[in-house]
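Chemist: Give the three-dimensional model of this entry:
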Amino acid sequence: MGVVLTRWGLVGFMLISALALGSQAKAEDYKMEQGGIEPGKVVLGMRAGFATLTQSITDEFRSSTDVGPLVNFQAMYSLNKWLLVGMMLEWERHGVSTERPSIDLGHQDTVSVLPTVEVRPVRFGPIIPYANMSFGVNVNSFGENIGTTISPSNNFAWRLGWGADYMLTKQFALNTEMAYKLNNGHATIGGARVDDWNASSFGFLFGAKLFF
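Modeler: Numbers count the residues shown, from 1 in each chain. As a prediction, this is how the structure comes out:
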């Protein structure tokens with residue numbers, strides 16, 4: 001009986017030791033390292049998702065806007081192990097309608113051209129968090145469903161984003177990102193100017209990146 005207990009005790013000790021070593025190895029894999037990228041890397045990203053406006057598009061009339069599609073292309077270059085510079089090109093669309101009476105006005109399209117700076121201070125194994133900031137221009141247009149012409153202005157764009165890459169290999173990563181984008185200007189509706197036309201939005205992106 002004592003021999004059997006001793007054997008099972010040894011087996012239990014070996015199992016616990018193996019689990020402890022595995023947990024330690026996993027912790028080592030995900031330990032924090034300084035800098036999230038190698039210098040001289042080119043990063044190409046393609047993401048898609050959805051965006052919602054952060055407010056009513058104007059106070060001139062009660063309006064509602066749809067949650068719309070969002071597509072983002074990105075090309076970046078790493079200057080060192082934590083700083084990247086590059087460009088984003090982003091498109092989003094939102095349906096716009098009045099509430100009372102309920103009239104479908106059409107949809108606004110926005111194409112944003114965004115020079116970008118990105119910071120990657122740390123990494124946790126295959127997970128690399130980051131934050132980026134962009135300044136550029138929003139090119140706005142409107143597709144009307146009614147006879148009245150609606151012309152939103154082009155305006156200054158400011159975008160603040162944060163997200164993370166999950167490195168599947170050294171050259172390929174899955175990505176998710178959230179961002180706020182300023183798109184605040186005026187619009188001309190049937191010849192009358194509306195000064196508080198605001199299509200600023202909060203977006204959610206999902207996609208992939210390539211590292212060269």
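Chemist: switch to C-alpha atoms for all contacts and neighbour counts from now on
Modeler: Will do.
Chemist: got a list of what Asn154 touches?
Modeler: Taking CA atoms under 8 Å, 6 or more residues apart in numbering as the criterion, Asn154 is in contact with Val137, Asn138, Val139, Asn140, Gly185.
Chemist: now swap in Leu79 and tell me
Modeler: Pro39, Gly40, Val85.
Chemist: how about the first one, secondary structure?
Modeler: Judged by DSSP: H, G, I helix; E, B strand; the rest coil, the three-state class of Pro39 is coil.
Chemist: Return the distance of it relative to Phe212.
Modeler: Pro39 sits 11 Å away from Phe212, going by CA to CA, to the nearest Å.
Chemist: so what's the most centrally placed residue in the chain up against?
Modeler: By CA atoms, centre = their mean, the chain has its centre lying nearest to Glu177, at 2.8 Å. Neighbouring residues of Glu177 by CA under 8 Å, 6+ apart: Gly161, Trp162, Gly163, Ala164, Phe204, Leu205, Phe206.
Chemist: higher neighbour count, Pro39 and Phe212?
Modeler: Between Pro39 and Phe212, counted using other CA atoms under 10 Å, the more crowded position is Pro39 (15 against 11).
Chemist: pLDDT wise, what is the more buried one at?
Modeler: Among the per-residue scores, Pro39 shows a pLDDT of 97.
Chemist: isn't it right up against Val85?
Modeler: No - using CA atoms under 8 Å, Pro39 makes no contact with Val85, being 11.7 Å away.
Chemist: Need the residues touching each of these two.
Modeler: Common neighbours of Pro39 and Val85 (CA under 8 Å, 6+ apart) are Ser78, Leu79.
Chemist: Could you pull out the strands in this structure for me?
Modeler: Along the chain, counting by DSSP state E, strands occupy 32-34, 42-53, 63-65, 68-78, 83-98, 103-119, 122-124, 127-144, 150-152, 155-167, 172-182, 184-189, 192-198, 201-211.
Chemist: To what extent is His186 buried, counted in neighbours?
Modeler: 19.
Chemist: wait, I meant Ala157
Modeler: 19.
Chemist: Tell me the confidence at it?
Modeler: Looking at Ala157, its pLDDT stands at 98.
Chemist: same check, this time on the one 10 residues further on
Modeler: At Met167, the model reports a pLDDT of 96.
Chemist: go on, Ile103?
Modeler: Predicted confidence (pLDDT) at Ile103: the value is 88.
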